[in-house]
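Asker: how would this look folded up:
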Amino acid sequence: MKKINIIRFLFTSVLFSSIIMLTACNDDDTDLGSKVKPVLTSSTTTFTAKEGDVITLDFTLDKAINKPIEYRLVMLDESTATDMEDYSIPGCRSNDPDCVAIEENGGPVGYIFEIPAYTTSYSVDISLLNDLDIESTENLKLKVVSNRTLLGTVNDLVFDINIENSSDLVIDLNWSGSFDDNGTMVDNCDLDMDLELIDSNGDYIDFSYSNCPEQLVLSTALADGTYYLDVSLWTTYGYNQPINIPASVTFNKPGLPLSQTVDVSSYFPMDQGGLDDGNSNAIITFEITKVGHIFTITNPNSQVVFQGRNAKRAGNRINLKK
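Answerer: Next comes the predicted model:
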């Protein structure tokens, strides 16, 4: 009889523990995966920004679940801005078979974003791109819809983004092309050129080292004063053809008829190498004076090559002779 009581006690204890564990699991599932789907919202849906800015879309789910939730940003037809020309959205388009499974294609085309499991806050950055087109303010309308997984819902959520022309100064260093190195064609981008911006105290403000072409953007929010732009050849990596590297610097204000290209190729004979190769002359410095939204740029010969207040003919080239 004693053995039977012990067995009954053990059976009852195990059964009770199992019920508790099942109840706990069900509680977790109720919190994170109930049939009531999470709802996506955003507190700010209207933006006005300029080319070169980044817009951040902040999203909130009213509850978290234990699976990731996909949504997509759909570009509405009434938008006047052009995808990948006026703006860039991270992720992939829903009609791209290299990025999305074929069975998930269909419906309005948009960029997919995924909110991770157990997450209620998420953001998506949209880059507004600089261009040289003379144009009026453009508009981008993005509607948020649930993606095909349908794990989350969203009501009528539309972002309205006005894109204004930029008054910033954009500086591009371009040396594209190719050259013949003893029978082998070499891309000019294999040569390392740099842009550096320095203030009147000798402190580095910005730089562009690893692109081809290189680019710097001087915001109109930059403090008024005098700055120096160093354009340099860092290294030719051993290439030493008796030619000048076809380098030019373009100063422009995107969206405005203000653009000037300066030919600086005479400063960079390839067979003399770059700064890191021991050639201390492989550099040219421009002086930039900023007053309000006006940038005035002079070359080493004290010639004004760009001034923000005057509309110069786009594409005009100035040859600098050492």
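Asker: below-threshold pLDDT in the stretch 101-250 of the chain: ranges please.
Answerer: For the stretch 101-250 of the chain, the stretches with pLDDT under 70 are 101-107, 132-134.
Asker: restricting to C-alpha, output stretch 113-127 in CSV.
Answerer: Taking Å, rounded to 0.1, in the frame of the first residue of the first chain, the C-alpha atoms of stretch 113-127 are listed here in CSV:
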residue,chain,number,x,y,z
PHE,A,113,11.6,46.4,-45.0
GLU,A,114,11.5,43.8,-42.2
ILE,A,115,10.8,44.5,-38.5
PRO,A,116,12.7,41.9,-36.4
ALA,A,117,10.9,39.6,-34.0
TYR,A,118,10.3,40.9,-30.5
THR,A,119,10.6,44.5,-31.8
THR,A,120,8.2,47.4,-31.6
SER,A,121,10.3,50.3,-32.9
TYR,A,122,12.0,50.5,-36.3
SER,A,123,13.2,53.1,-38.7
VAL,A,124,14.0,53.4,-42.5
ASP,A,125,16.4,56.1,-43.9
ILE,A,126,15.7,57.6,-47.3
SER,A,127,18.6,59.4,-49.0
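Asker: contacts for that stretch?
Answerer: With CB atoms under 8 Å, 6 or more residues apart in numbering as the test, stretch 113-127 has contacts from 32, 40, 54-73, 87-91, 140, 152, 161. In this view, the C-beta of every residue, glycine as well, is placed from N, C-alpha and C.
Asker: among the residues you listed, which ones are buried?
Answerer: By neighbour count, with 16 or more other CB atoms under 10 Å, the contacts of stretch 113-127 hold 40, 55, 57, 59, 61, 64-65, 69-73, 87, 89, 91, 140, 152, 161 as buried.
Asker: out of these, which are inside strands?
Answerer: In strands, defined here by DSSP state E, the members of the buried ones among the contacts of stretch 113-127 are 40, 55, 57, 59, 61, 69-73, 87, 140, 161.
Asker: got these as CSV, with distance to Asn95 columns?
Answerer: Shown next, in CSV, are those (distance: CB to CB, whole Å):
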residue, distance to Asn95
Leu40, 22
Ile55, 23
Leu57, 21
Phe59, 23
Leu61, 26
Ile69, 20
Glu70, 15
Tyr71, 16
Arg72, 10
Leu73, 13
Tyr87, 18
Leu140, 19
Ile161, 22
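Asker: counting by contacts, list what the helix or strand hosting Gln260 packs against.
Answerer: Assignment of secondary structure by DSSP states H and E places Gln260 within strand 258-263. Contacts defined by 3 or more CB pairs under 8 Å, 6 or more residues apart in numbering; DSSP states H and E place strand 258-263 against strand 248-253, strand 304-307, strand 317-319.
Asker: packed most tightly, which of those strands would that be?
Answerer: Of all those, strand 248-253 has the most neighbours on average by mean count of other CB atoms under 10 Å, namely a mean of 22.
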